[in-house]
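Novice: coords please:
(one chain, ligands or ions: 3)
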Amino acid sequence: MRMYYLQVAVPLHLYDLFTYKSVQKIEPGCRVRINFKERNIIGVVVECYDSNPTDFSECKIKSVVESLDQEPYADSKTLELLRFTAKYQHTPLGMIINLAQPVAVRKGLDASRKPRFAYRLVNREYETKAVNQHKVIELLRNQDVSLTEFKGLNIPATCLRSLENKGIIRKFDLNEMDTDIFLNLKFSNQLTLNDEQRTALSAINSVNYFKVFLLKGVTGSGKTEVYMQAIETVLSRKQQVLVMVPEIGLTPQTIERFHKHFNVPIAAMHSSLSDRERLDNYLACRDGKIGILIGTRSSVFTPFKSLGLVVIDEEHDQSYKQQDTCRYNGKNIAIYKAKIANCPIILGTATPSLESYYNSKIGKYKLLELHNNAVLHHGIVTKGIIDLKHCSQSSGMSDHLINEMERELQKGNQVLIFLNRRGFANKIICNNCGYVFQCKFCDSFLTYHKNKNILNCHHCETNYPIPRQCPECNSNNIDIMGNGTEQLEEFLKSRFPDYPVIRIDRDTATHQYKLGSYIDDIKNNKYKILIGTQILSKGHHFPNVTLVGLLNIDQSLFSNDFRATEQLAQLYTQIAGRTGREEKDGRVLIQSYVPNNALLQTIINDGYDKFAELCLRERKYLNLPPFSFQALFRIVGSNKELLNCRAIEIYNTLLQIDTEHGLTITEPKPALMEKKQNKYHLILMIQSSSRKQLSTFLDKAVIELAKGKINSKVEYFIDVDPTEVLQ
Ligand code: ADP
Ligand code: ZN
Ligand code: ZN
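Specialist: Ligands and ions are numbered 1, 2, ... in the order given. Have a look, this model is predicted:
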């Protein structure tokens, strides 16, 4: 009987591919159920041969239990991208595939095409004052819109049903339609570009092959408008576009902006989609039925029939890096995706990451700059530092800032206070013996959340009841220390009772819709005082904000992590961009105990570019990235002794690997947070002056380490280009 031999990637921390046989030919990109170590698991075929490619005898090779797909759910370019990712990150291919595939596929569900419903406007005369119904009709005037898209735009299903029952709109299955999605292409709401925007756009439009553009422009300089018009060009070539946004950027406002511009099918991979809906979007994109896909980092793994452009908005954003056990950098992978598709990619930001900045300086990326605000009449922003020494404070706010705030509020303006710390207080202490309450599972202090009336660990999310007694000395004299956004909210509400306050952090903006509706409310002046964490620092336009205050930034200046100052400079520049947006002037005040700190002075007085130059010079001197390349071994286990032994073994193995001069390996040492979720973490850093050398070394390391005895109690993970080097 004719046999086929399959190389299968399994979703386990194993670097090998495994060989199985099958009487039927199974294409790469199809799932198979296999028996693996006495268990049935789902693997993905990555190669199919018609003769035995291994040294194993025929009878030793097991047959697959079942084939799950008629056709591959992923195309060959996506498989190539997954292989690249696995190789680049030195992570097992099966783990990368597992992470990259839609959850429904991972769960073994049917991955064939299913109906994908959309609505079409049939009665164009109908008018209504009902807000949501009006919105639906306006959207449908331009194009058909899918059910999942309406979800992303926060339109309730009842509203659609009611219009459908009245015969105003009609539901149909998009997958039944066989029309060209680019037919009748029409663009709305184009603006006339200014000179700089035009220069940038024509540079992008002039290429239809792989090239990386760094579009650097201050907030409000009209980068989004440049993306929009670049997308038009690509759609006109009948090609698809991938737009990647940071985790918290996928709000209904973002999605709506695209809908208002384009009448091609748009899909957004937002958090309220079901597993099936995500899979439907994935397959539709693969089959060329979607013109623009908008998503966060994981959308990079979506297959495209004909990809013509990738846009990465806010390219410096940390959320493009996946920080869980299986780490990858969505930005690097997107660049490779564009390379495979041979299309341009735009990295857009006001504050480029130092890596991208450097790459543009050495000519690897083409730099396009927008220096001016796109809106002619915009305000002037002044900046200042408040010296916290000898200054009285309430809930972390200096009197000076409070007075400035009062003045702006009295003028009818909005004020934004930024504090990157959730909760009410970040330490609970015993006043008698000084004990600080800690998480049982992590080396971290607990945060007091007053509204929920709990203590919470921000690292493993475990909740604890409010303690009445100190576990060390039984004293009842328990107190709180350090302030978070919740406390700030309470204070500002009582200090300014006449001005409505809104707090936006992960506890209040639990969903993208909620964040979206808060942003609308802020723009509509419903709130006067805005308190926010990182969430409020991105991409939104608040024309009435005239004062921004930044609290608690000093620790970034003294962090051991060399990226902390870069992040502070980005944050400061982004936050400062929230003010002076339209006619009104703005003011940014930063509170610090070290107002004369040289770095702080540079960031504030000389701007981001000067800072970036200075920081690059320092990194060069210290031989840090982007002038060197790093990989971190994270060694994790719940038994501390076993972990230490294994870490030493790993270290010794690494030391014995042959390598040329220029590669350094540090001894394993505890991570900054040694205990996390009841496991201990050790880290070991490898640094090289050449990426190639580092990569070759890691390839060898993986092979050598696999030869040693496998100890399932201790795992190791490789993090290439780590962005958290201490944790
Ligand atoms: P960015 O993405 O750089 O922050 P946006 O593209 O969102 O900037 O533009 C900021 C504001 O300026 C938006 O309200 C946008 O409509 C407006 N704008 C952008 N380009 C132009 C232009 N060429 N003419 C007029 N207004 C513009
Ligand atoms: Zn005590
Ligand atoms: Zn914890």
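
Novice: buried stuff in stretch 82-102?
Specialist: Of the residues in stretch 82-102, 82, 84-86, 88-102 count as buried by neighbour count, 16 or more other CB atoms under 10 Å. The way it works is simple: take the backbone N, C-alpha and C, and place the C-beta from them, glycine included.

Novice: helix, strand, or coil at Lys151?
Specialist: helix (DSSP: H, G, I helix; E, B strand; the rest coil).

Novice: so Ile155 touches Lys135, yeah?
Specialist: Yes - counting by CB atoms under 8 Å, Lys135 is a contact partner of Ile155 at 6.6 Å.

Novice: ok, now which ones touch the residue nearest the centre of the chain?
Specialist: Against the mean C-alpha coordinate of the chain, by CA atoms, centre = their mean, the closest residue is Ser319 at 2.7 Å. Contacts for Ser319 (CB atoms under 8 Å, 6 or more residues apart in numbering) come out as Pro246, Glu247, Ile248, Thr296, Arg297.

Novice: quick check: phi and psi at the closest residue to the second one other than its chain neighbours.
Specialist: Looking back up the chat, that one is Glu247. Distances taken as CB to CB, 6 or more residues apart in numbering put Ser319 closest to Glu247, at 4.0 Å, once the chain neighbours are dropped. Phi and psi for Ser319, reported as degrees, to the nearest 10, are phi -70, psi -10.

Novice: ok, Ser319 to Thr664 distance?
Specialist: From Ser319 across to Thr664, the span is 30 Å (CB to CB, to the nearest Å).

Novice: for Thr296, same thing?
Specialist: In terms of CB to CB, Thr296 sits 35 Å off from Thr664.

Novice: between these two, which has more neighbouring residues?
Specialist: Remark: of Thr296 and Thr664, Thr296 carries more neighbours, 21 against 12, as counted by other CB atoms under 10 Å.

Novice: tell me the contacts of the residue nearest to that one when sequence neighbours are not counted?
Specialist: With sequence-adjacent residues excluded and distances taken as CB to CB, 6+ apart, Thr296 is closest to Glu247, at 5.2 Å. By CB under 8 Å, 6+ apart, the contact list for Glu247 reads Thr296, Arg297, Asp317, Ser319.

Novice: contacts only, for the second one.
Specialist: If you count contacts by CB under 8 Å, 6+ apart, Arg297 has them with Met244, Glu247, Ser319, Tyr320, Lys321, Gln322, Tyr328, Gly330.

Novice: so where do the helices sit in the stretch 501-650 of the chain?
Specialist: Along the stretch 501-650 of the chain, the segments classed as helices by DSSP state H, counting those that start in this stretch run 512-523, 554-557, 564-576, 598-601, 607-621, 640-656.

Novice: re the thing from before, separation between the residue nearest to the centre of the chain and ligand 2?
Specialist: Ser319 sits 39 Å away from ligand 2, taking CB to the ion, to the nearest Å as the criterion.

Novice: again, but for Val45
Specialist: Computed with CB to the ion, the distance linking Val45 and ligand 2 is 60 Å.

Novice: quick check, that residue in a helix?
Specialist: No - with three-state DSSP as the criterion, Val45 is assigned strand and is not in a helix.

Novice: packing partners for the host helix or strand of Lys171?
Specialist: If you go by DSSP states H and E, Lys171 is part of strand 169-173. Judged by 3 or more CB pairs under 8 Å, 6 or more residues apart in numbering; DSSP states H and E, the packing partners of strand 169-173 are strand 117-121, helix 131-142, helix 157-165.

Novice: what mean pLDDT does the helix or strand following that strand get?
Specialist: Going down the chain from strand 169-173, the next helix or strand is helix 195-205, by DSSP H and E. The average pLDDT within helix 195-205 is 97.

Novice: can you mark which positions in helix 195-205 are buried?
Specialist: Buried, per 16+ other CB under 10 Å, within helix 195-205: Glu196, Gln197, Ala200, Leu201, Ala203, Ile204.

Novice: for the last one, what are its contacts?
Specialist: Ile204 makes contacts with Phe213, Val226, Ala230, Thr233, Pro344, Ile346, Leu368, as judged by CB under 8 Å, 6+ apart.

Novice: gap between the residue in the stretch 551-700 of the chain that ligand 2 sits nearest to and ligand 3?
Specialist: Nearest to ligand 2 in the stretch 551-700 of the chain, going by CB to the ion, is Lys675, at a distance of 21.7 Å. Counting by CB to the ion, the separation of Lys675 from ligand 3 is 9 Å.

Novice: just checking: what are the partner strands of the helix or strand where that residue lies?
Specialist: Assigned by DSSP H and E, Lys675 belongs to strand 669-676. With DSSP bridges as the test, strand 669-676 is paired with strand 679-688 (antiparallel).

Novice: number of residues surrounding Val501?
Specialist: When neighbours are counted by other CB under 10 Å, Val501 comes out with 21.
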